Structures are given as structure tokens and as C-alpha cells.
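Engineer: Sequence first, then the predicted structure, then my questions.
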Amino acid sequence: MTNWRWWLCSLLFVATTVNYLDRQVLSLTYEEFIKPEFHWTDANYGTITSFFSIFYAICCLFAGKFIDWMGTKKGYLIAIGVWSAGACLHALCGWGTALLTGLGGAEALAALEVGSNVALAVSTTSVYLFLLCRGILALGESGNFPAAIKVTAEYFPKKDRAFATSIFNAGASVGALAAPLLIPPLAVKFGWEWAFIIIGGLGFIWMFFWAFMYEKPEKSARVNEAELAYIHQDDEKDCHSERSEESSSDEPSIPFIQCLKYRQTWAFITGKFFTDGVWWFFLFWAPSYFSNQFGAPATSPLGQALIFTLYAIVTVVSIVGGYLPKIFVEKKGMNPYAGRMLAMLIFAFFPIAALFAQPLGINLNSAWWPAILIGLAGAGHQAWSANLYSTIGDMFPKSTIASITGIGTTAGGIGSMIIQKVAGNLFTHAEEAGAAFQFLGFEGKPAGYFVMFCYCGVAYLIAWVIMKSLVPKYKPIEL
């Protein structure tokens, strides 16, 4: 049997890695480069990250249908081309701000008096320019997961999908892992603008390999009969050769509105809405948190080591998490959905570790405790997410998988928008209020961080209970 499916899985992994590298450039250049140059506050940064989340959510609503309509190969090429262009365009925001405000370069922008009308004009102008670039980035990135999940459903049987998804989804962790080692040094040596250009350019290289390597399994010259039979082992037809004559695009597709009538759709929406924002909160705010609370900026060896450690834990544990339902199915005889839900319950307890990050970090005066505990919480999310995505393939026909993924990812983006906006305003308010803002023994900005960690710790258990109530047992959609 050939193993071409794993080569494609590795390509999905690389795409997801690039995806998250592009997202991380802003968070790793925010505190030391962009914030002082453009006179931003945490509220400004929260506005930008929340806008990215909501615009990403809106785009995801249509990205799944776009991938289903355009086809996996062309759809994925267009998606990564758009987001790579958007990532590179961030580099022009400084030039655009100086041009529109009539000021000179970065030094002139940074030298403005804090709180002056000119500084306010600079911050406002730059925020709008970054919003435009984040919008283009979000538009392209919204196609990544619908396309990747569709490829996984095309090339893997149900029992392997969570493991395959965990592998390519680990690209999110690896991207976040590589980011502190790549982006701050690039920003220091060449300027923050070149960090956006170099990292953004990686997507254009990936496009060449995708155009060369991907075909549907039935049409791929690199997939033999044995591998094709393995891929289609879940099909009800007795003869896989009959199935090989068909394409998933020939299957009946569920109209968009009708998708919302199914409990299975709302279960996926629930899982995404409550939990996606937790991951994005850690992704966007962890570098700023280590810099503010422990004096470890992203350009320092300690700051890089903390972020690297955090995502190293995420990467290793999350891959194991995707393999867990495979054990439940093959060793325990459970159906794929039951095995996945049990695995998700186990990983829903991991984020509780985030509740102890702030108390241990502050009381023991060590940033390593938050790095390790947030790493465990993030690992729980990635393992949860791999299994959550795979529930779509369990329940829906392949022709509708990208659409359901898009709907759920939209819900996740809305949840993330709320969390990012709340976090930015909360941190600005807590910092200004000082001792007047208190929460469970903390005051000022540390209290604000603890409020957010408390939500992150319990979100997954809430989501799991609602999901289980909506879909208590395995019930695939029959057309």
C-alpha cells in the first residue's frame, strides 16, 4: 500500500505552520516595535486582534462554501495566496502612516509627545491601516482549515482522521513555537517591516508544492488500489472500485440554511464558540503578558525561551491527543464519535491549569510557572480542537464538510472577537485603575490577567456539557 496520504498531511502541516507564523508577527513585534512607534495602547491592540477575529469569522462563513465550490486544489491555492499577500502588506503600514500624517519615518513617529493630538492622529491612522492588512490576512486564512479538513476527509478513514488532524493542526503549535525564534531576531536585524515580508513570503513557496502534489485520491497517480481501499473502508458500498469512479463533488450537498437545522451543526458551533478565543488569547497576548508581568520581552533570551517552552509543551501533547481516540476505537471497540467525545472530555480538564498560572507566577516571582501551565492549557486546546474538527467527518457527507467547518469557525471567530476586545479594554482599564481594580487577591493589571485566565480554565468543560446534551450519541446525517 502506498502512503501518499501522509505526504499530503505533512503539506497541510506546513501550511498551518505558515498560517500561524503569519498571525504571530504582530504579537511578537507589538510591545517593542509597533506600540512605541505608533503610540498604541492595549485597547488599540485589542481592537485590532478582535477585528481580525470577527472578520475572520465572517469570512469563514463563506470560506467553506467557497472551498466546496472551487474545489480543494484551487481553493487552497487562492486562500494561501491571499493571506500571504496580506501578511506582506503589513510592512507598508509605517510608510502609509507617515505619508497620511505628513510626518517623517519611524524615528519622527516615535518621538512625538505622548498624548498629543499628533500622536493620537498617528495611532488612529496606523490602527486603520493595520486593520486593512489584518482583514486581507483574515480573508485568506479563513480558507485554511475548511480546506485542510476537507483534504483529511478525502484521504483518511474515520478512525485515522483525528490523528491526521492532530498532526496538521500541530502546525499551529509549531508555528507559534518557531515564531519567537525567528520573528524577533528578524525585527531586530532588519526592522519589523521585513519580519512581515520574509514570513509572509513563505506561503508563496508552499503554493508551488501544493499545485504539484495534490489530486483527489481517485485521480492521483501516487495512490494505488490498496491505499484507495484503505481510504474508503468506511464506505457502505461493497466494491471500492465503484466508489473510486465517483468524486465527493458528486455527492448531494446540504444547503447552507438547512445545515443550521441539525443539532450536529450546533454542537460543533458550541465547541468552537466557547474555546477558539482561549487559544487566540494565548496566541495574541502571551508575549505581552511575559513582557509586562515578568520583564521578559520577546527580543530577550528569557522571553524567547518562555514562549518556546510554552509551545513545545503544546506541540508534543497535542499530537498524542489526536491519537487517543484511535486507541478507544481500535482497542476498546468504541464508535469514532464516542471515542472522540471521551477524548475531548479528558482534554477539557487540561485548561484548568491556566487557573494557577497567575497565582504561582506572581507569588513565586517566576515566569516559568505560567509558561508551563499555559502550555498545558494550550495543549489541551489543540488536542480538543483536533478531535472537534474530526466530529464533522463522522456526522456529515464529504460534500458538506468544508461548509460545516466554515460555519463552526465563524462561531469560533465571534467568540474570539469578544474575548480579544474584552481583554484589551480590561487590561487598559486595570492598568489605569491600579489598586482600585481588584480580583481574588490581585490588583491592577495582574488582576485583569487573572480574570481572563479564569475564563480560559473552565470554557472547555462548559462547551463539552452543551455538546453532549445536543448530540448524546453517534448520529450521522442521512440525505
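Structural biologist: Arrived safely, thanks for sending.
Engineer: my read is residue 217 is in a strand, agree?
Structural biologist: No: membership of residue 217 in a strand is not supported by DSSP: H, G, I helix; E, B strand; the rest coil, which gives coil.
Engineer: Could you measure from the nearest residue to it once chain neighbours are set aside over to residue 214?
Structural biologist: Once flanking residues are discounted, residue 217 sits nearest to residue 223: 4.8 Å by C-beta to C-beta, 6 or more residues apart in numbering. Quick note: C-beta positions are derived from backbone N, CA and C, even for glycine. Using C-beta to C-beta, to the nearest Å, residue 223 is found at 11 Å from residue 214.
Engineer: so the residue nearest to residue 217 makes contact with residue 2?
Structural biologist: Yes: using C-beta atoms under 8 Å, residue 223 is in contact with residue 2, at 5.8 Å.
Engineer: So if I had to pick from the two, which one is more boxed in?
Structural biologist: Using other C-beta atoms under 10 Å as the criterion, residue 223 and residue 2 rank with residue 223 on top: 23 against 15.
Engineer: mind checking the SS state of that one?
Structural biologist: Residue 223 - assigned by three-state DSSP - is coil.
Engineer: Contact partners for it?
Structural biologist: 2, 4, 5, 217, 231 (C-beta atoms under 8 Å, 6 or more residues apart in numbering).
Engineer: contacting residues for the third one?
Structural biologist: Listed by C-beta under 8 Å, 6+ apart, the contact partners of residue 5 are 155, 156, 164, 217, 223, 227, 231.
Engineer: 7 Å instead, please
Structural biologist: Residue 5 sits next to 155, 156, 227, 231 when contact means C-beta atoms under 7 Å, 6 or more residues apart in numbering.
Engineer: Between all of these, which two are separated the most?
Structural biologist: 156 and 227 (10.7 Å; C-beta to C-beta).
Engineer: who's more crowded, the two?
Structural biologist: residue 156 (24 against 18).
Engineer: wait, doesn't that one sit right on residue 164?
Structural biologist: Yes: taking contacts as C-beta atoms under 7 Å, residue 156 lies within contact range of residue 164: 4.8 Å.
Engineer: Quick check: the spatially closest residue to residue 442 that is not a sequence neighbour vs residue 307, distance?
Structural biologist: In space, and not counting its chain neighbours, residue 442 is closest to residue 450: 5.0 Å by C-beta to C-beta, 6+ apart. Distance of residue 450 to residue 307, given as C-beta to C-beta: 20 Å.
Engineer: measure residue 171 to residue 68 for me?
Structural biologist: 22 Å.
Engineer: before we move on, what about residue 140?
Structural biologist: As judged by C-beta to C-beta, residue 140 and residue 68 stand 17 Å apart.
Engineer: Kindly report the same for residue 162.
Structural biologist: In terms of C-beta to C-beta, residue 162 sits 22 Å off from residue 68.
Engineer: The two: who's more crowded?
Structural biologist: residue 162 (34 against 25).
Engineer: which non-adjacent residue is nearest the more buried one?
Structural biologist: residue 390 (4.1 Å).
Engineer: Contact partners for the one you found?
Structural biologist: 161, 162, 165, 340.
Engineer: ok so, going back, next up, phi/psi of the residue nearest to residue 217, please.
Structural biologist: Torsion angles at residue 223 (phi, psi; degrees, to the nearest 10) stand at phi -110, psi 120.
Engineer: do residue 300 as well
Structural biologist: phi -90, psi 150.
Engineer: So it versus residue 306, what's the distance?
Structural biologist: 9 Å.
Engineer: Pull up the overlap in contacts between the two.
Structural biologist: With C-beta under 7 Å, 6+ apart, residue 300 and residue 306 have no common neighbours.
Engineer: quick one: which of these two has more around it?
Structural biologist: Comparing residue 300 with residue 306 by neighbour count (other C-beta under 10 Å), the higher total belongs to residue 306, at 27 against 15.
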